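Novice: Show me the folded form of this:
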Amino acid sequence: MALKNSKFMDVYRRFEGAVKATGKYNTVKEYEDSVTDTQKQGQIRICRVIRNYIEHENASFVEATDSMIAFLENELTLLDENELPVRKKMISIKSGIKESDLIVVAADFMTKKKQSIIPIFNNDDFAVGVISYAGIAKMIAAGDFTKARKVSVIQEAHKFGFVKESEPMKNVRPQIQQHNKIFLVLSDSKKVVGWIL
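Specialist: Numbers count the residues shown, from 1 in each chain. You can find the predicted model right below:
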């Protein structure tokens with residue numbers, strides 16, 4: 001069996017295991033049938049057919065592609081993440097930006113965390129607004145930007161959502177996608193411990 005096919009089969013087996021571990025599906029075919037995104041459904045089908053051909057027919061006749069392997073690895077990650085609690089994916093409030101921080105510190109933080117918008121907290125860890133790349137760009141365009149400016153001068157109002165830190169990502173992700181806002185993560189004692197976007 002070609003090296004690429006061997007890697008494909010390994011990733012496919014792990015993908016199949018993750019599908020079954022959800023408790024909703026007995027087979028990849030059942031999972032495939034449940035997917036509503038037709039492109040994604042087609043990609044799963046092709047991978048399943050290639051896997052079956054390699055496994056049961058002639059492994060030397062077909063060779064899996066790097067993009068098939070990458071697709072399955074991505075799907076595997078998504079399936080695994082769905083079972084994770086929010087606390088494993090959130091950004092901790094301890095590493096958050098305070099309204100007394102400098103804008104350049106916030107911009108650097110946004111770059112490192114790959115976030116285009118982040119919440120701003122006061123000294124009591126209450127979310128008081130957000131800062132965004134768009135807000136920083138407006139300030140620069142208006143000629144109102146200096147390195148000594150504090151975040152508080154450009155914070156924008158924001159209606160936050162709330163989720164519990166123990167909630168599985170599979171329950172939270174649809175809310176995040178539907179509402180397109182920052183969700184503050186609450187501990188069991190209702191204290192904000194982080195955020196997720």
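Novice: Could you use CA atoms for every contact and neighbour count after this?
Specialist: Fine.
Novice: So what touches the lowest-mean-pLDDT helix or strand in the chain?
Specialist: When the helices and strands of the chain are scored by mean pLDDT, DSSP states H and E, helix 169-179 comes last with a mean of 77. The contact list for helix 169-179 (Cα atoms under 8 Å, 6 or more residues apart in numbering) reads Glu81, Asn82, Glu83, Leu84, Pro85, Val86, Val163, Ile182, Phe183, Leu197.
Novice: now that helix, how far from the chain's geometric center?
Specialist: 10 Å (Cα atoms, centre = their mean, to the nearest Å).
Novice: what does the average pLDDT come to for the following helix or strand past it?
Specialist: Proceeding N to C from helix 169-179, the next assigned helix or strand is strand 183-186, under DSSP states H and E. Strand 183-186 shows a mean pLDDT of 87.
Novice: returning to what we had before: which one of the contacts of helix 169-179 sits closest to Val11?
Specialist: When the contacts of helix 169-179 are compared for distance to Val11 (Cα to Cα), Glu81 wins out at 16.2 Å.
Novice: follow-up on the earlier one: what are the buried residues along the least confident helix or strand of the chain?
Specialist: Using 16 or more other Cα atoms under 10 Å as the test for burial, helix 169-179 gives Met169, Lys170, Val172.
Novice: Quick check: which ranges of the protein have low pLDDT?
Specialist: In the prediction, the chain carries residues with pLDDT under 70 at positions 1, 83.
Novice: would you list every one of the strands in it?
Specialist: For the chain, the strands defined by DSSP state E cover 91-92, 97-98, 117-121, 127-132, 161-164, 183-186, 192-196.
Novice: Kindly reformat the ones you listed as a markdown table containing distance to Gln39 and mean neighbour count.
Specialist: A markdown table is the format used below for the strands of the chain (distance: least, Cα to Cα, whole Å; neighbours: other Cα atoms under 10 Å):
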| stretch | distance to Gln39 | mean neighbour count |
| --- | --- | --- |
| strand 91-92 | 31 | 17 |
| strand 97-98 | 39 | 24 |
| strand 117-121 | 30 | 23 |
| strand 127-132 | 32 | 21 |
| strand 161-164 | 31 | 18 |
| strand 183-186 | 29 | 23 |
| strand 192-196 | 27 | 22 |
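Novice: Would you format those as TSV with distance to Glu55 included?
Specialist: Formatted as TSV, these follow (distance: least, Cα to Cα, whole Å):
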stretch	distance to Glu55
strand 91-92	42
strand 97-98	52
strand 117-121	47
strand 127-132	50
strand 161-164	43
strand 183-186	44
strand 192-196	41
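Novice: For Lys89, give its distance to Phe126.
Specialist: Separation of Lys89 from Phe126 (Cα to Cα, to the nearest Å) stands at 20 Å.
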